[in-house]
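Q: Structure here, sequence nowhere to be found:
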């Protein structure tokens, strides 16, 4: 049965699944029109009739139209997101919260560092520009300006490795702008913008006797000495070392577990007996801290390289190449070179690539070749790697009798 409802100068009725309106016109006719659910643009209707027709659209359809319009407006605004706005979404984790694990998007461990690079070099140049409008010429300008800015601040040419890091951050930013950002369909960063590599430098690494001298120097804070031993005997990266807690140290099975790494892959590996003995002594020295406590770390992370060189000087280790003396192609000793020391020693001991990569992660063929050359030098000098460090720190050595039963020996069942 048809449902009738009065509506001003006409009537509306629901029939056959549609609303129909019958309007009384001034000439006495009463035509009937089928109502549509879109904007009324029928040329045969007067403006007043169109208004009446629009009022008959269901509330639900109007709300759907409003929601669709709001979504379109939001999409239009997002299309005009600036480089700074999108970059901050990425580095603060909001992009990951919105889209999840797509296009290898994940919580960034280097968010602070990448945010600094963007704020220092990218945002001042193109931060206010919409992501969709950035061109290849803009990226060229950013790289050139960054080089000048860094040169002025450092008083020397910017290292190509640092330029490459900026290039990588921007490349990743615009890759995410394509998916999941959907702010553009291509990237303004082409391969030809990729910076070249620095010329190779002679990198520093410690001789076994130098490590023992460093660990035995009471002028160096004991926590830093423990950290140096950990770095040389595990090959872990700086971030992984600083994240190690006592829960990571398994004295019963003589293993170390590293859950934080640059690649995101967890690691577990056997640790040398002498290192585990030293860690057991350190654990007792600290009063048996809880499992969640950090094993050892440098208080001011930004100065690890300078602190290490100062500590080498305090230990009366004065080999010139460790301090960058001898030419521009000599790299002063950095904290990262303790990891290089581990790889060099491991190769000198005849360890295979698999054994080394289990502890260090991926190494490029180029890096393996550099470490192999250094390992041959150790072999020529007849230096034996990985000396016993269980008693290398004097303040801990007197406690050694207390931990014999904690660290199982290699022949234990």
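A: Cool, got the structure. All values derive from a computational prediction rather than experimental measurement.

Q: contacting residues around residue 322?
A: By CB atoms under 8 Å, 6 or more residues apart in numbering, the contact set of residue 322 is 204, 206, 309, 312, 332, 333. Every C-beta, even on glycine, is put in place using the N, C-alpha and C of the backbone.

Q: from those residues, which is closest to residue 367?
A: Ranked by distance to residue 367 (CB to CB), the contacts of residue 322 are led by residue 204 at 14.5 Å.

Q: Name the nearest residue to the closest one, ignoring sequence neighbours.
A: residue 333 (3.8 Å; CB to CB, 6 or more residues apart in numbering).

Q: got the contacts of residue 322 as CSV, with neighbour count and pLDDT columns?
A: Shown next, in CSV, are these (neighbours: other CB atoms under 10 Å; pLDDT from 0 to 100):
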residue, neighbour count, pLDDT
204, 24, 87
206, 25, 95
309, 19, 93
312, 23, 96
332, 17, 88
333, 23, 91
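
Q: With distance to residue 131 added, can I get the residues you listed in CSV?
A: Formatted as CSV, those follow (distance: CB to CB, whole Å):
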residue, distance to residue 131
204, 42
206, 47
309, 42
312, 47
332, 39
333, 41
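
Q: on that earlier part again, verify the contact between the residue nearest to residue 204 and residue 308 for me.
A: Yes. When contacts are counted by CB atoms under 8 Å, residue 333 is listed as touching residue 308 (6.1 Å).

Q: returning to what we had before: please report how far the residue nearest to residue 204 lies from residue 138.
A: 39 Å (CB to CB, to the nearest Å).

Q: Next: residue 229.
A: 48 Å.

Q: the more surrounded of those two?
A: More crowded of residue 229 and residue 138, by other CB atoms under 10 Å: residue 229, with 25 against 17.

Q: where's the more buried one, which helix or strand?
A: Using DSSP states H and E, residue 229 sits within helix 222-234.

Q: for that helix, packing partners?
A: helix 208-215, helix 238-243, helix 273-285, helix 304-314, helix 336-348 (3 or more CB pairs under 8 Å, 6 or more residues apart in numbering; DSSP states H and E).

Q: which residues touch residue 111?
A: Applying CB under 8 Å, 6+ apart, the residues near residue 111 are 91, 92, 93.

Q: neighbours around the first one, how many?
A: What it means is residue 91. Residues near residue 91, counting by other CB under 10 Å, number 22.

Q: Give the helix, strand or coil label for the residue lying closest to it once chain neighbours are set aside.
A: Distances taken as CB to CB, 6+ apart put residue 115 closest to residue 91, at 4.1 Å, once the chain neighbours are dropped. With DSSP: H, G, I helix; E, B strand; the rest coil as the basis, residue 115 sits in helix.

Q: that older thread, tell me which two in the contacts of residue 322 are the farthest apart.
A: Longest span within the contacts of residue 322, CB to CB: 206 and 332, 13.4 Å.

Q: quick one on the thing from earlier: that's a strand at the residue nearest to residue 204, yeah?
A: No. Read with three-state DSSP, residue 333 is coil and lies in no strand.

Q: In contact with it, which residues?
A: If you count contacts by CB under 8 Å, 6+ apart, then residue 333 has 204, 305, 308, 309, 312, 322, 323, 324 around it.

Q: now, of the helices and strands packed on helix 222-234, which is deepest in the fold?
A: helix 336-348 (a mean of 23; mean count of other CB atoms under 10 Å).

Q: Residues touching it, excluding its own?
A: By CB under 8 Å, 6+ apart, helix 336-348 touches 203-206, 208, 211, 228, 231-238, 308, 331, 355-356, 359-360, 363, 367-368, 371-372, 374-375, 378-379, 383, 385-386.

Q: List buried residues within those.
A: Those of the contacts of helix 336-348 that meet the buried threshold are 203-206, 208, 211, 228, 231-238, 308, 331, 356, 359-360, 363, 371, 374-375, 378, 385-386, by 16 or more other CB atoms under 10 Å.

Q: And residue 183, what's its pLDDT?
A: On pLDDT, residue 183 comes in at 90.

Q: ok, the nearest residue to residue 225 once chain neighbours are set aside - contacts?
A: Closest residue in space to residue 225, ignoring its immediate chain neighbours: residue 215 at 5.0 Å, by CB to CB, 6+ apart. When contacts are counted by CB under 8 Å, 6+ apart, residue 215 touches 225, 228, 229, 389, 392, 393.

Q: In space, what's closest to residue 127 - neighbours in sequence excluded?
A: Using CB to CB, 6+ apart, the nearest residue to residue 127 is residue 84, at 3.7 Å.

Q: An error on my part: the question was meant for residue 220.
A: Per CB to CB, 6+ apart, closest to residue 220 is residue 311, 4.4 Å.

Q: what residues are up against that neighbour?
A: 214, 217, 220, 224, 228.

Q: where's it relative to residue 205, distance?
A: For residue 311, the distance to residue 205 - CB to CB - is 15 Å.

Q: what's the answer for residue 354, then?
A: 21 Å.

Q: now do residue 241
A: Here the distance between residue 241 and residue 205 works out to 17 Å (CB to CB).

Q: okay, now residue 152: neighbour count?
A: 9.

Q: all strands for this protein, in order.
A: Assigned by DSSP state E, the strands in the chain fall at 3-7, 10-15, 18-23, 32-34, 249-250, 255-258, 267-270.

Q: Find the residue at the geometric middle of the chain.
A: Nearest to the geometric centre of the chain sits residue 110, at 3.3 Å (CA atoms, centre = their mean).

Q: pLDDT score for that residue?
A: At residue 110, the model reports a pLDDT of 77.

Q: Look up how far residue 213 lies from it.
A: From residue 110 to residue 213 the distance is 34 Å (CB to CB).
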